[in-house]
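Asker: dropping a prediction and its sequence here:
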Amino acid sequence: MSKSAPFSNKRLESLAKLPVAVKITGFASPATGYEAHGLSIDEMVGMGAPHIYLWKLDSEALSGLSIYPDDLLVVNRGAKPCDGAIAVIIVDEDHRICQIAGRAPNFTFWIEPVAGQREAIESTESISLWGIVERVVRDLRVFA
Amino acid sequence: MKRIALIDGNSFYASVEALFRPDIRDKPVCVLSNGDGCVIARNAKAKELGIPMGAPFFQIKDYARQHGVQMFSSNYTLYADVSRRMIQSIFPHVEDLEQYSIDECWALMPDAESLHDYGLALKETVLREVGVPVGMGISTTKTLAKLAQWASKEWKQTGGVVDLTDPVRQHKLLKIAPVAKIWGVGRKLEARLGAMNIVTAWDLATFDHKTLRKSFNVNVERTARELMGEVCLNMHESPDLKKEIMKSCMFGVRVHDLVKLQEAAASYASTAAERLRSQRSLCQTLTVSVQTSQHEPQHQRYYNSISVQMVNPTDDTRLLIRAALQGLERVFRPGFAYSKCAILLTDLHQRGTFTQDLFAEQQDEATNRLGELMDTINLRYGRNAIHSARVKVDPEWKVRRDLLSPSYTTSWSELPVCR
């Protein structure tokens, strides 16, 4: 589990998410039997599924597409590549982020550091796919 | 007819290390045991270099460096997470699943037109979703499936999947498989069987079963029957619970003073108590031992151990730590460079199956609940999220793991990075 969660520095805060059984002493709640589970972002992105991995981005390669350094990437290894998908690929023994263009098996791989200025990723060796980036989580908090 | 598969990760630890390291995919990779002692896993390239299993690290260090072997400390946090993913990925595609070890599981395969093709597709799915290669042997009994799995590794042209459900093929393989490759046949047994002219799997399978039971034991007979296609071991037949629980580790540095030994003893006792609770046992005897390294000059070597009796069977972390510390004070002698401390829990009772000592105080319900709660919190929020104040989380003496890879999938600060 987390050594330092980027979302919260207080462990107590997350502990508070455990359901607390509060006893109702007065009138029985008319909502009994209608409670729903809270929404879960884990569930939405598929955290815990075998093919979902988290990555961190350390480049401005796709800043033109509003994906920035330090963004947290939710990567699906099970998803199929397709035109327009954002992907983590392996190029020359290195992990790179890119946008995929074209159709299988003739994909091309692009970066866009500045909006509208696309550059192709070239490699002498074959490029392989690590996974498809499905979501981006960004920390917008301001620390005074 | 049952279709039982044994599915395992190919050079699992080494494959996991390569998952986030494309630069080592085509290189020899070795993983070291706890404390960086010796080689416990190798990939095919490292095998080709002749690095044997169990080779002490200090002996092969230079050779490994010369040949560009990538060495890793064992990162069980990472392996356990990828193992969990591997099992989860297989699960929806089989009818039943039983995890056998960190990198192997038994699975009941569905009825498919070609089990070989189904197996290849499953292998492909796991590789795509999780990122580690698996292989499998499929047959009608566990013992035959294990043999089929051996064949899938022995003959590359199988593509890593061998369907051994057809009796004709079974017999063909049995006739060429050495008896040592059978599940449950170790070196000693191999030698004894050899003396009886049992050399191939076929020799064992066709030997008189009753004689096998008389000369050896019921397990050998069962193995022979399973080789002939008779199911003796069903899914989920779990081995007996552990009769003792041991927690010990070599320190990363030599320890001289009592305070640090106390930290270690408390920490190991705490882990042992967790294991005790996980199998729902209670323990009545705790043995604590300390020792110096065998490499010290003779007059500086020291070993001692002491057993502490608990009043009543318990699984209370606090009581077990107290017992460990009491024992430690009795065996500790100043002036030695300690290299290891061990905690052994014996005299285990399964909850609800022992007679209470009439005069002893029984473990109260609050203690039971405390243990459960601590385990739940640690399961959810990570190891040592809650622990006894006696346990030091990042001690100086901690086990050596100089070549540890990041915990890519379980630590926020160690996520894989792309650029």
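Answerer: Nice, thanks for sending it over.
Asker: use CA for all of it now, contacts and neighbours both
Answerer: Noted.
Asker: output the below-cut-off pLDDT ranges for the chain.
Answerer: With no chain named, the answer covers chain A. A:1-22 (pLDDT under 70).
Asker: I was thinking of chain B, sorry if that wasn't clear
Answerer: Those would be B:238-242, B:352-362, if you go by pLDDT under 70 across chain B.
Asker: which residue ranges of it form strands?
Answerer: Along chain B, the stretches classed as strands by DSSP state E are B:4-9, B:29-32, B:39-42, B:70-73, B:96-101, B:104-108, B:134-139, B:161-164, B:245-255, B:281-292, B:303-314, B:338-350, B:417-418.
Asker: identify all contacting residues around the first one.
Answerer: Residues outside strand B:4-9 that contact it (CA atoms under 8 Å, 6 or more residues apart in numbering or on different chains): B:103-109, B:132-142, B:145-146, B:149.
Asker: count the residues that sit near the closest residue to residue A:135 other than its chain neighbours.
Answerer: Using CA to CA, 6 or more residues apart in numbering or on different chains and skipping residues adjacent in sequence, the residue nearest residue A:135 is residue A:74, 5.1 Å away. Other residues within reach of residue A:74, judged by other CA atoms under 10 Å in any protein chain shown, total 21.
Asker: so residue A:74 is in contact with residue A:53, correct?
Answerer: Yes. Using CA atoms under 8 Å, residue A:74 makes contact with residue A:53 at a distance of 6.1 Å.
Asker: do you know how far residue B:344 is from chain A?
Answerer: Distance, residue B:344 to chain A, by CA to the nearest CA, to the nearest Å: 28 Å.
Asker: spatially, what comes nearest to that residue if we skip its sequence neighbours?
Answerer: Using CA to CA, 6+ apart, the closest residue to residue B:344 is residue B:246 (4.5 Å).
Asker: residues contacting that neighbour?
Answerer: Applying CA under 8 Å, 6+ apart, the residues near residue B:246 are B:272, B:342, B:343, B:344, B:345.
Asker: which residues of chain B fall in helices?
Answerer: For chain B, the helices defined by DSSP state H occupy B:12-19, B:44-48, B:57-66, B:76-90, B:115-129, B:142-154, B:167-176, B:187-195, B:201-206, B:209-215, B:218-227, B:258-278, B:317-331, B:365-381.
Asker: could you list the alpha-carbon positions for the second one in CSV?
Answerer: Output for helix B:44-48, consisting of C-alpha atoms alone and laid out as CSV, is shown next (Å, rounded to 0.1, in the frame of the first residue of the first chain):
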residue,chain,number,x,y,z
ALA,B,44,16.7,-18.8,-19.6
LYS,B,45,19.6,-16.6,-20.5
ALA,B,46,21.1,-16.9,-17.0
LYS,B,47,20.7,-20.7,-17.1
GLU,B,48,22.6,-20.7,-20.4
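Asker: any buried residues in that helix, and which?
Answerer: For helix B:44-48, a neighbour-count test (16 or more other CA atoms under 10 Å in any protein chain shown) marks B:44, B:45, B:46 as buried.
Asker: in CSV: the residues you listed, plus distance to residue B:259.
Answerer: Shown next, in CSV, are these (distance: CA to CA, whole Å):
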residue, distance to residue B:259
B:44, 45
B:45, 45
B:46, 42
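Asker: turn these into a markdown table, columns for distance to chain A.
Answerer: Compiled in a markdown table, the buried residues of helix B:44-48 are given as follows (distance: CA to the nearest CA, whole Å):
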| residue | distance to chain A |
| --- | --- |
| B:44 | 20 |
| B:45 | 18 |
| B:46 | 20 |
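Asker: which one of these is nearest residue A:78?
Answerer: Residue A:78 has its nearest neighbour among these in residue B:44, at 26.4 Å by CA to CA.
Asker: contacts only, for the closest residue in space to that closest one that isn't next to it in sequence.
Answerer: Leaving aside its chain neighbours, residue B:44 sits nearest to residue B:28 (7.2 Å; criterion: CA to CA, 6+ apart). Residue B:28 is in contact with B:42, B:43, B:44, B:45, B:46, B:47, B:68, B:69, B:70, counting by CA under 8 Å, 6+ apart.
Asker: and the closest residue in space to residue A:87 that isn't next to it in sequence, helix, strand or coil?
Answerer: Computed as CA to CA, 6+ apart, the closest residue to residue A:87 that is not its neighbour in sequence is residue A:132, at 4.3 Å. Under DSSP: H, G, I helix; E, B strand; the rest coil, the three-state class of residue A:132 is strand.
Asker: and residue A:78, by the same measure?
Answerer: coil.
Asker: gap between it and residue B:125?
Answerer: 8 Å (CA to CA, to the nearest Å).
Asker: count of neighbours near residue B:245?
Answerer: 18.
Asker: ok, now how distant is it from chain A?
Answerer: 25 Å.
Asker: isn't that residue right up against residue B:272?
Answerer: Yes. In this structure, residue B:245 is within contact of residue B:272 by CA under 8 Å, at 6.5 Å.
Asker: shared neighbours of these two, anything?
Answerer: Joint contacts of residue B:245 and residue B:272 (CA under 8 Å, 6+ apart) are B:344, B:345.
Asker: burial count for residue 38?
Answerer: Going with chain A. So residue A:38, with other CA under 10 Å, has 6 neighbours.
Asker: not quite, I wanted chain B
Answerer: 21.
Asker: show me what contacts it?
Answerer: Contacts of residue B:38 by CA under 8 Å, 6+ apart are B:32, B:54, B:55, B:56, B:57.
Asker: only C-alpha atoms, please: export stretch B:113-122 in PDB.
Answerer: Only the C-alpha atoms of stretch B:113-122 are listed here, as PDB (Å, rounded to 0.1, in the frame of the first residue of the first chain):
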ATOM      1  CA  GLU B 113     -12.800 -28.200 -29.400                       C
ATOM      2  CA  SER B 114      -9.100 -27.900 -29.100                       C
ATOM      3  CA  LEU B 115      -7.700 -27.600 -25.600                       C
ATOM      4  CA  HIS B 116      -4.300 -26.700 -27.100                       C
ATOM      5  CA  ASP B 117      -5.700 -23.700 -29.000                       C
ATOM      6  CA  TYR B 118      -7.700 -22.700 -25.900                       C
ATOM      7  CA  GLY B 119      -4.500 -22.800 -23.800                       C
ATOM      8  CA  LEU B 120      -2.600 -20.800 -26.400                       C
ATOM      9  CA  ALA B 121      -5.400 -18.100 -26.300                       C
ATOM     10  CA  LEU B 122      -5.400 -18.000 -22.500                       C
END
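Asker: Three-state assignment for the residue nearest to residue A:135, please.
Answerer: strand.
Asker: what's near enough to touch it?
Answerer: A:45, A:52, A:53, A:54, A:55, A:133, A:134, A:135, A:136, A:137.
Asker: tell me what the last one is bridged to.
Answerer: When bridges are assigned using DSSP bridges, the partners listed for residue A:137 are residue A:72.
Asker: wait, it touches residue A:72, no?
Answerer: Yes. Applying CA under 8 Å, one finds residue A:137 in contact with residue A:72, separated by 4.9 Å.
Asker: ok, and the closest non-adjacent residue to residue 116?
Answerer: Answering for chain A, as no chain was given. residue A:64 (6.9 Å).
Asker: let me rephrase: I mean chain B.
Answerer: Nearest one to residue B:116, counting by CA to CA, 6+ apart, is residue B:163 at 5.5 Å.
Asker: show me what from chain B comes close to chain A.
Answerer: Listed as neighbours of chain A in chain B under the rule CA under 8 Å from any CA of the partner chain: B:21-23, B:84-86, B:88-89, B:125, B:128-131, B:380-383, B:409-413, B:415-419.
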